[in-house]
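Engineer: pasting the sequence and the predicted model now:
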Amino acid sequence: MKSARIFTDGSSLGNPGAGGWCAILRYKEHEKVISGGEKFTTNNRMELTAAIEALRALREPCEVELFTDSEYVAKGINEWLKNWVKKDFAKVKNDDLWRSYLIHAERHIIKAIWVKGHNGHIENERCDKKAKEEAEKQQ
């Protein structure tokens with residue numbers, strides 16, 4: 001199984017408000033940047049959308065290290081998701097996105113890694129800048 005690294009970030013101007021997301025996908029020396037936005041959303045939705053869209057963009061099953069500055073996404077993937085599934089997402093916010101995440105994650109082995117935001121992490125800073133640009137386009 002191939003190994004890939006994914007770096008993600010999401011942004012919203014107001015919470016809720018105009019939002020954007022960005023992901024950097026890296027496999028060996030190859031890199032792809034993807035991004036998008038929504039007119040009315042939340043920061044958590046954009047953080048999670050970045051992860052989903054990155055997984056959707058992978059062409060083959062991979063072992064994935066997913067770097068995020070969102071504790072919500074990292075803990076959701078690594079800790080909370082199994083129990084949410086058992087409870088059929090009862091009282092879980094953004095259950096539509098978490099269900100989509102499961103669909104796009106099922107063929108991969110994923111480990112989410114939390115990184116401190118706005119702390120000089122090169123890929124996180126790149127994603128942050130692009131996510132904000134995407135949010136600004138939505139205003």
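Structural biologist: Yes, it's here.
Engineer: give me the contact list for stretch 47-58.
Structural biologist: 4, 6, 8-10, 21-23, 25, 32, 34, 36, 38, 64, 66, 68, 70, 72-73, 76-77, 94, 97-98, 100-101, 104-105, 108, 110, 112, 127, 131 (CB atoms under 8 Å, 6 or more residues apart in numbering). Every residue, glycine included, has its C-beta placed from N, CA and C.
Engineer: hmm, try it at 6 Å
Structural biologist: 6, 8, 10, 21, 23, 25, 34, 66, 70, 73, 97, 100-101, 104-105 (CB atoms under 6 Å, 6 or more residues apart in numbering).
Engineer: and that stretch, what's buried?
Structural biologist: Of all the residues in stretch 47-58, those buried under the rule 16 or more other CB atoms under 10 Å are 47-55, 58.
Engineer: of all the contacts of stretch 47-58, which two lie farthest apart?
Structural biologist: Farthest pair in these (CB to CB) is 25 and 97. Separation: 18.9 Å.
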